[in-house]
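[1] structure for the following, please:
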Amino acid sequence: MGSNLGERREHLLAATDLLPSRGVDVLASSSVYETQPVGLVLEQPEFLNACLRVRTQHEPEALLDACKDVERAVGRAAAGARHGPRMIDVDVLLLDQVQYRSARLTLPHPEVRSRRFVLVPLLELDPELTLPTGERLAHALAALADADQHVRAAGPPLL
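    Numbering: from 1, shown residues only. Predicted structure coming up:
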């Protein structure tokens, strides 16, 4: 999850609190990290990011629908620039060892291996985490150049 507008930590907490009512039980949270924007829009406020470990009976598309519903409930506008500023962003990174592809969703998330702001909190939750291919995500993090993206501890876990 990420937020770079308004009360960023409050938006992360609100999303965490709303997930169970959408059939997504939150089991654990990483610490919160402050990170620089990446992607298409670099001139915007820094993000607060965290990863959650969840349990759900949802299939991939239904899980994505639950995440999008939480985004709307927290106040994310339906339109906006891709990678632009936002109140909340709730992404599905991994779903067990499922490999899935549709027009709306790819699992594992296509950028999970290349984004330090994803890997640092994700590996905090499980340092031994692997992709369905068997690749250890700790190796992907080690392969990223230090200067690529800064990630600074910014607060305790959301739970």
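[2] CA only for contacts and neighbour counts going forward, please
    OK.
[3] tell me how far residue 68 lies from residue 34.
    23 Å (C-alpha to C-alpha, to the nearest Å).
[4] which residues are contacting the top helix by length along the chain?
    Determined from DSSP state H, the single longest helix within the chain is helix 60-74. The contact list for helix 60-74 (C-alpha atoms under 8 Å, 6 or more residues apart in numbering) reads 11, 14-15, 18-19, 22-24, 56, 78, 87-92, 95, 100, 104-105.
[5] and it, C-alpha only, in CSV?
    Extracted as CSV, the C-alpha positions of helix 60-74 are listed here (Å, rounded to 0.1, in the frame of the first residue of the first chain):
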residue,chain,number,x,y,z
PRO,A,60,-7.3,-13.0,-7.9
GLU,A,61,-9.9,-10.8,-9.7
ALA,A,62,-12.2,-10.7,-6.6
LEU,A,63,-9.2,-9.7,-4.5
LEU,A,64,-8.4,-6.9,-6.9
ASP,A,65,-12.0,-5.8,-6.7
ALA,A,66,-11.8,-5.7,-2.9
CYS,A,67,-8.6,-3.6,-3.0
LYS,A,68,-10.1,-1.2,-5.5
ASP,A,69,-13.2,-0.9,-3.3
VAL,A,70,-11.0,0.0,-0.3
GLU,A,71,-9.2,2.6,-2.4
ARG,A,72,-12.5,4.3,-3.3
ALA,A,73,-13.7,4.1,0.4
VAL,A,74,-10.5,5.9,1.5
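[6] so which elements touch the next helix or strand after it?
    Remark: after helix 60-74, the chain's next helix or strand is strand 100-101, criterion DSSP states H and E. Strand 100-101 is packed against strand 106-107, with contacts defined by 3 or more C-alpha pairs under 8 Å, 6 or more residues apart in numbering; DSSP states H and E.
[7] what about the strand it packs on, average pLDDT?
    In this model, strand 106-107 carries a mean pLDDT of 98.
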